[in-house]
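[1] Below are the sequence and a predicted model for it; my questions follow.
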Amino acid sequence: MTAMDLATLQHAVIALVVAVAIVAVVRWEVFLVRDISAARDVRYLTKPAWTAVCLICIPIGGILYLFYGRSR
């Protein structure tokens, strides 16, 4: 392989990793928003507040919601 082929391969791998990460983050956020909207009640904050926390503080907001905001 030449240096140009290796560089192209590295860029392709980086692009694939970034694409997979973006898909994972979008699926995580969709899961959280659907879970919040389907919940009968949530703890500590209102549903819109938990949604905002989850969307603004990725992924910490979602983890906080799952541990503290989600009803048991």
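    Received, thanks. Numbers count the residues shown, from 1 in each chain.
[2] Could you list the low-pLDDT ranges of this structure?
    Scanning the chain for pLDDT under 70 picks out the ranges 1, 3-4.
[3] Show the subsequent helix or strand relative to the longest helix anywhere in the chain.
    In the chain, taking DSSP state H as the definition, the longest helix is helix 3-38. Using DSSP states H and E, the next helix or strand after helix 3-38 towards the C-terminus is helix 47-56.
[4] And that next one, what's buried?
    Residues 50-51, 53-54 are the ones in helix 47-56 that count as buried (16 or more other CB atoms under 10 Å). Where C-beta positions appear, they are placed from N, C-alpha and C, glycine not excepted.
[5] neighbouring contacts of that helix?
    In this structure, residues lying in contact with helix 47-56 by CB atoms under 8 Å, 6 or more residues apart in numbering are 29, 32-33, 36-37, 39, 42, 45, 61-62, 64-65, 69.
[6] Same list (the residues you listed) but as a markdown table, adding distance to D5 and neighbour count.
    As requested, these are exported to a markdown table (distance: CB to CB, whole Å; neighbours: other CB atoms under 10 Å):
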| residue | distance to D5 | neighbour count |
| --- | --- | --- |
| E29 | 37 | 17 |
| L32 | 41 | 24 |
| V33 | 42 | 16 |
| I36 | 47 | 22 |
| S37 | 48 | 9 |
| A39 | 51 | 15 |
| V42 | 52 | 18 |
| L45 | 52 | 16 |
| G61 | 42 | 19 |
| G62 | 40 | 23 |
| L64 | 45 | 17 |
| Y65 | 45 | 23 |
| G69 | 50 | 24 |
